[in-house]
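1. Model the following, please.
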Amino acid sequence: MNYVNGLAPIVTVYGPGNLHHLTYGSTVGGNGGVGMVSTTNEGTTNFLLGFSFNYVDYAFYWDGKGPAFWRISGNSTLREPVGSSWANATGIPLGNEVILGLNVVAQAAAAGNVGGVVPVFFSAEEFD
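-> Just a heads-up that it's a prediction; the model follows:
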């Protein structure tokens, strides 16, 4: 389960581009936040997706030069493609065992823009 017992989603991207991230489904009120982090790395970059206790739903997509895949940290061997827009984003409900393909255009439009202030950490190295 994501964000439980130290497990979190990792997005591996190839080449430069932008990882867009949306938090929504507030537990304290509000419409969530949408932001973006970029990499200029021509090689492989791994983004570790963090979370906020104020939200229960997360979505993300990649608009980069090369492909992107997600996996859950730890011993997971499953790797799946990442969505390429808010209309076909990759969704992660907090504590869910399944990562979903979602249309979150309405949620992204309602969310406040937080720019680069998103719960995402990245590295050119493998995390596990």
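2. what residue ranges in this structure are flagged as low confidence?
-> For the chain, applying pLDDT under 70 flags the ranges 1-7, 51-53, 74-76, 94-98, 114-128.
3. for it, what spans make up the helices?
-> Per DSSP state H, the chain carries helices over the ranges 105-110.
4. As a check, name the ranges of all strands in it.
-> 9-14, 17-26, 33-39, 44-49, 55-62, 68-72, 80-81, 89-93, 100-102, 112-115, 120-123 (DSSP state E).
5. in the longest one, what counts as buried?
-> In this case it means strand 17-26. For strand 17-26, burial by neighbour count (16 or more other Cβ atoms under 10 Å) applies to 17, 19, 20, 21, 22, 23, 24, 26. The C-beta positions use only the backbone N, C-alpha and C, and glycine is treated the same way.
6. Indicate each strand paired with that strand and its parallel or antiparallel sense.
-> Partners of strand 17-26 in the sheet, by DSSP bridges, are strand 33-39 (antiparallel), strand 55-62 (antiparallel).
7. what angle sits between the first one and strand 44-49?
-> This means strand 33-39. 160 degrees (axes from the mean of the first three to the mean of the last three Cα atoms, to 10 degrees).
8. Over to the last one?
-> Here strand 55-62 runs at an angle of 160 degrees relative to strand 44-49 (the same axes, to 10 degrees).
9. Just the C-alphas of strand 55-62, formatted as PDB.
-> In PDB, the C-alpha atoms belonging to strand 55-62 read as follows (Å, rounded to 0.1, in the frame of the first residue of the first chain):
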ATOM      1  CA  TYR A  55      -5.200  15.300   1.200                       C
ATOM      2  CA  VAL A  56      -6.200  11.700   0.400                       C
ATOM      3  CA  ASP A  57      -6.000  11.800  -3.400                       C
ATOM      4  CA  TYR A  58      -3.000  12.400  -5.700                       C
ATOM      5  CA  ALA A  59      -2.500  12.400  -9.400                       C
ATOM      6  CA  PHE A  60       0.500  13.100 -11.700                       C
ATOM      7  CA  TYR A  61       1.600  13.100 -15.300                       C
ATOM      8  CA  TRP A  62       4.800  13.500 -17.300                       C
END
